[in-house]
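Undergrad: whatever this is, show me its structure:
(2 chains)
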Amino acid sequence: MDVRSQISMVFHLDKCIGCHTCSIACKNTWTDRKGAEYMWWNNVETKPGTGYPTKWEDQSIYKGGWEKDSHFLKLKGAGKVKGLKNIFHNPNMPEMDDYYEPWTYDYSKLFDAPESKDQPTARPVSLVTGKPMQVKGGPNWDDDLSGTPDYARQDVNLKNITQAEQEAMFQLEQMTMHYLPRICNHCLNPSCVASCPSGAIYKRGEDGIVLVNQNKCRGWRMCITACPYKKTYYNWNTGKSEKCILCFPRLETGQTPACMHTCVGRIRYLGVMLYDADMIKTAAISNESDLVTNQMEIYLDPLSPAVIKAAKENGISDDTLEAAQKSPVYKFVKEWGLALPLHPEFRTIPNLFYVPPLLPTMGKVEDGNYHNSAKELFGGIENTRLPISYMASLFSARNEEIIKDVLKKLMAVRWFRRDETVGDQNKEQLEDILKEVGVTREVADDIYRLTSLPTVKERYVIPPAHREEALEMIEDSGDVKGNTGFGFHHKPTRGL
Amino acid sequence: MKLITSLNHKKVSVTIYLVVLLFVFSNAVAQDGEKLFQQCRACHTIGGGKLLGPDLLDVSKRRDVSWIKNFIKSSQRMIKAGDPDAVALFEEFNKLPMMDYNFSDPELDALVKYIDSFSTNESEKENEEHALSDSTAAAQATEYLASIYTEENLIKGQELFEGKRAFKNGGPSCISCHHVNSDNAVQGGLLAADLTKSFSRNGGLAGIKGIIDHPPFPAMKNAYEEAVLTKDESVKIQVYLMHADKADVMVEAAPTDFIKNGVKGMFILLVLIALVWFKRKKRSVNYQIMKRQSKFH
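TA: Coordinates of the predicted model:
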């Protein structure tokens, strides 16, 4: 057992309202710079939709992630031979139009324009060329199904669901959708790290954050192709690649990442997961239908004495262990089995988990009354407006049983709460339901509380980073005691 | 009397002085003529038979001296002017133009005098040589050719030509300025004439020999003035050029094949590229969406 710690996240999609506050917080904090205007380290997509960059999920276009060969795993679009073949032109890499050309408006014209019969206008100006441009698309042009057939009907996941299911979906396309906020998954088997010819990308030992060393990056851009989530970006101004840093400077000082801190719907949870690094290999090469189950095996119970012992042997601090024991992520992912990784078939073992949305069942209005098609409680799950197969395509590598299991649990918690607050349900039926999904009333209550009433400290359990220990590895703090940190740079002025 | 004597003395001394001067001068002129003739030797002999140009023995008996002088100064001008003798001569010698030599009049005189000096001295000897029957001469020539036209000379000749083997006196290799079409020779220089057909163009071995031994061309003359080729080297080069002329393989076969194969190869390559990259991403994924939405696309 090789126990390591990883900062992981859970996004509860039932709670996401698609406000993009997270994206704006991230943009303002990190990517509001020349060359980074087009980057959205955090973005919110509407599903069904094409996403950002367009059709990022379609690896037949972008060749990201891993694929199984006869022996082991190999990168789909990078590696020595493939890299050499595409060294001058890499057609699998997204081009600017696959993202969008960033722009601003010439606002000063609104004030400076000479008097004329027409209203002055602020023309769009490209942030890349600095010239006036025709806006052709943006990073969330598919937002809220966009009102055109261009986006939702081109969703890559549709190829995994039947024609009949698609038709049912698009009869209701004006009503059915859910949001999918995305940041870097800080994967356990990151293909960006594996693809980098310069060795500039690395996974931090203490918390598993994947970072690009800006001094070592040589701008090969293999990571751009290799990341199946398209979450590394090339800065055309600096000539280096950049990605989500999980706000590590904030984490190290005990603050939550900017996107999570600002989240209006409070959908985001962050905490430590302990995992067994020896098991990454077996999980990554397992069959598609077992990918999620095998990934769950990697994460270890932080309360198990054997795990604690092994963790301590690996130098994981007591504080981190304590954080792992309180981790909301561990509860959602492992204890309750409610959160699933996004597109596990890319085999990168992502550490960002999603609680799938429990969408309403299909129904219709007759004589002014709304009738839904659900005959009984779990029957409704089979008839959600977005088919199970669509959810399975997103979150479980097309294993529908896993999705059904999660949705049933979510549904059971709702019926449990209905019983608690209204009490109009058949108690025996409720007991059967809870038994079927393997949830006791106490656990159902825990799920409800962490979903609906969590405090900030419950949502974000950030382990102390112990930078003072890191500093002591470089210099002896005793030497400088009394020399720094005392006295004033500027003498304080007193009085008025 | 004393005066006369002294006068006589003076006359004698002046005469002696003049005679000596004349002797020295004439000798100098004669030598000058011989020296000048070095430049002609590549193409002409005096009583030695035709090379590139005619044998000049008794030339002043056949032609007017002023005609000879004009011809030396600029043969081409005379031909263009339509001088019948000059044109006939030009036609006879394969339309090979003779270089213009910018000699002064005294130099031309010396040259003619030098050539004339042979006609008296050597006419008898010349006659003797002419007495040899043509068949004998031909037999001798064949024998000579057989003696030098050996595999070894050919290989060494090519090596010398290509500069793989240095000339004994340090002359530059032929390939630095000349090219010869040959299967196993590399591309030669383009500064001077293509020597593939030099054998037939220059009237056989004797012509080539003349040029090699006494280069008439200014650049070549300068190059080999100090670094004269040995007789043996000269022979080897001659043999190589003779062989190259006969072989001259690349002229017919190579260029058409090269183009044909090139076109074929190009076609195959284009088909291969089209097949290999048939499915590759050619434009933005957004292209269709943007095209439908924007009239500006």
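Undergrad: find the closest residue to chain B in chain A.
TA: A:Asp97 (3.5 Å; Cβ to the nearest Cβ). In this view, the C-beta of every residue, glycine as well, is placed from N, C-alpha and C.
Undergrad: what's the local residue count around that residue?
TA: 19 (other Cβ atoms under 10 Å in any protein chain shown).
Undergrad: phi first, then psi, for it.
TA: According to degrees, to the nearest 10, the main-chain angles of A:Asp97 amount to phi -70, psi -20.
Undergrad: is it in contact with A:Met133, as I believe?
TA: No - contact criterion Cβ atoms under 8 Å: A:Asp97 and A:Met133 do not qualify, at 12.0 Å.
Undergrad: residues contacting the residue of chain A closest to chain B?
TA: By Cβ atoms under 8 Å, 6 or more residues apart in numbering or on different chains, the contact list for A:Asp97 reads A:136-137, B:284-287, B:290.
Undergrad: at 10 Å instead, please
TA: Going by Cβ atoms under 10 Å, 6 or more residues apart in numbering or on different chains, A:Asp97 touches A:53-54, A:136-137, B:283-287, B:289-290, B:297.
Undergrad: need the three-state assignment for A:Leu180.
TA: Following DSSP: H, G, I helix; E, B strand; the rest coil, the label given to A:Leu180 is strand.
Undergrad: for it, which non-adjacent residue is spatially closest?
TA: The shortest distance from A:Leu180 to any non-neighbouring residue, by Cβ to Cβ, 6 or more residues apart in numbering or on different chains, is to A:Glu45 (4.6 Å).
Undergrad: so the one you found sits in a strand?
TA: Yes - counting by three-state DSSP, A:Glu45 falls inside a strand.
Undergrad: these two touch, right, it and A:Pro181?
TA: Yes - using Cβ atoms under 10 Å, A:Glu45 is in contact with A:Pro181, at 7.7 Å.
Undergrad: overlap in contacts, those two.
TA: With contacts defined as Cβ under 10 Å, 6+ apart, the residues adjacent to both A:Glu45 and A:Pro181 are A:Gly18.
Undergrad: which residues does B:Ser66 contact?
TA: B:Leu108.
Undergrad: how about A:Gly199?
TA: Listed by Cβ under 10 Å, 6+ apart, the contact set of A:Gly199 reads A:193, A:213, A:216-218.
Undergrad: among these, who's most crowded?
TA: Compared across the contacts of A:Gly199, A:Cys217 has the highest neighbour count, 22 neighbours, by other Cβ under 10 Å.
Undergrad: what do A:Asp97 and A:Met133 both touch?
TA: What both A:Asp97 and A:Met133 touch, as defined by Cβ under 10 Å, 6+ apart, is an empty set.
Undergrad: excluding chain neighbours, what is closest to the residue of chain B found nearest chain A?
TA: Residue nearest to chain A within chain B: B:Ser284 (3.5 Å; Cβ to the nearest Cβ). Once flanking residues are discounted, B:Ser284 sits nearest to A:Asp97: 3.5 Å by Cβ to Cβ, 6+ apart.
Undergrad: and the top helix by length along chain A, what's buried?
TA: Using DSSP state H to define each element, chain A has its longest helix at helix A:400-421. Under the neighbour-count criterion of 16 or more other Cβ atoms under 10 Å in any protein chain shown, helix A:400-421 has A:400, A:402-413, A:415-417, A:419 buried.
Undergrad: for chain B, what lies in contact range of chain A?
TA: Within chain B, the positions near chain A by Cβ under 10 Å from any Cβ of the partner chain are B:277, B:279-297.
Undergrad: let's see which of those residues end up in helices.
TA: B:287-293.
Undergrad: list buried residues within these.
TA: For those, buried by 16+ other Cβ under 10 Å: B:289-290.
Undergrad: thinking again about what came up before, pLDDT at the residue of chain B closest to chain A, what is it?
TA: Per-residue confidence at B:Ser284 stands at 90 (pLDDT).
Undergrad: cool, and the one 5 residues further on?
TA: Note on B:Ile289: pLDDT of 85.
Undergrad: now do the contacts for it.
TA: Contacts of B:Ile289 by Cβ under 10 Å, 6+ apart are A:50, A:54, A:97, A:136-137, A:141-142, A:146, A:148-151, A:154, B:297.
Undergrad: need the residues of the stretch 201-350 of chain A near chain B, please.
TA: Residues of the stretch 201-350 of chain A found near chain B (Cβ under 10 Å from any Cβ): none.
Undergrad: would you map the helices across the stretch 201-350 of chain A?
TA: According to DSSP state H, counting those that start in this stretch, the stretch 201-350 of chain A carries its helices in the segments A:222-226, A:248-252, A:258-261, A:280-284, A:291-298, A:305-313, A:318-326, A:328-330.
Undergrad: the stretch 1-150 of chain B too?
TA: B:2-37, B:59-62, B:65-73, B:75-81, B:84-92, B:105-131, B:134-148.
Undergrad: just the strands in the stretch 151-300 of chain A please.
TA: A:178-182, A:201-203, A:210-212, A:232-235, A:240-243, A:268-276, A:299-300 (DSSP state E, counting those that start in this stretch).
Undergrad: format those as JSON lines; extra columns: mean neighbour count and mean pLDDT.
TA: Formatted as JSON lines, those follow (neighbours: other Cβ atoms under 10 Å in any protein chain shown; pLDDT from 0 to 100):
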{"stretch": "strand A:178-182", "mean neighbour count": "22", "mean pLDDT": "95"}
{"stretch": "strand A:201-203", "mean neighbour count": "19", "mean pLDDT": "96"}
{"stretch": "strand A:210-212", "mean neighbour count": "22", "mean pLDDT": "97"}
{"stretch": "strand A:232-235", "mean neighbour count": "24", "mean pLDDT": "96"}
{"stretch": "strand A:240-243", "mean neighbour count": "22", "mean pLDDT": "96"}
{"stretch": "strand A:268-276", "mean neighbour count": "24", "mean pLDDT": "97"}
{"stretch": "strand A:299-300", "mean neighbour count": "22", "mean pLDDT": "96"}
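Undergrad: can you put those strands in CSV and add distance to A:Gly478?
TA: Output for the strands of the stretch 151-300 of chain A, formatted as CSV (distance: least, Cβ to Cβ, whole Å):
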stretch, distance to A:Gly478
strand A:178-182, 46
strand A:201-203, 31
strand A:210-212, 30
strand A:232-235, 41
strand A:240-243, 38
strand A:268-276, 31
strand A:299-300, 37
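Undergrad: brilliant, that's me finished.
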